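Enquirer: task: produce atomic coordinates for the following.
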Amino acid sequence: MQKEIKKEKNIQVLANNFIETRDERSFKSLYERVRPGVLNHCYGILKDPELAEDAFLNAMAKVWQKIDQYDSDRGNFSTWCYNIARNESLLLLKSRKRYVSQSAEEMEFTSAKAEEKN
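Expert: This next block holds a predicted model:
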């Protein structure tokens, strides 16, 4: 009978493991553990599944790149991660509103030009 290997579920333990090893395997374990909650957090802000996925992926890329900036004395890893995800979500929301606004202005400009021709 083989002994079943228990998967670690504690986010802080997984984060500490990634901080120590800086390897893909430990990051993957952390990524899989935080994905449901952080993705849901992004969706709550963006109300769009595709944008939420983009925000989540951007946030996790920043976690990978900026793990040196995490300070356990200032709070839990999950709080740090959720804050990054919130900021990425708000950036996407802001850029999307800017795009929608520019598109509306372009439509008005095109409409005005068409009326001038008539």
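Enquirer: any low-confidence regions in this protein?
Expert: By pLDDT under 70, the low-scoring segments of the chain are 1-6, 98-118.
Enquirer: try 90
Expert: 1-8, 95-118 (pLDDT under 90).
Enquirer: quick one, helices of it?
Expert: 11-21, 24-46, 49-65, 77-117 (DSSP state H).
Enquirer: hey, C-alpha coordinates of the first one in PDB?
Expert: These are the backbone C-alpha positions of helix 11-21, laid out as PDB (Å, rounded to 0.1, in the frame of the first residue of the first chain):
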ATOM      1  CA  ILE A  11      -1.200  29.700   1.200                       C
ATOM      2  CA  GLN A  12       1.400  31.200   3.500                       C
ATOM      3  CA  VAL A  13       3.300  27.900   3.600                       C
ATOM      4  CA  LEU A  14       3.200  27.700  -0.200                       C
ATOM      5  CA  ALA A  15       4.300  31.300  -0.500                       C
ATOM      6  CA  ASN A  16       7.200  30.700   1.900                       C
ATOM      7  CA  ASN A  17       8.200  27.700  -0.100                       C
ATOM      8  CA  PHE A  18       8.200  29.700  -3.300                       C
ATOM      9  CA  ILE A  19      10.200  32.500  -1.700                       C
ATOM     10  CA  GLU A  20      12.800  30.000  -0.500                       C
ATOM     11  CA  THR A  21      13.100  28.000  -3.700                       C
END
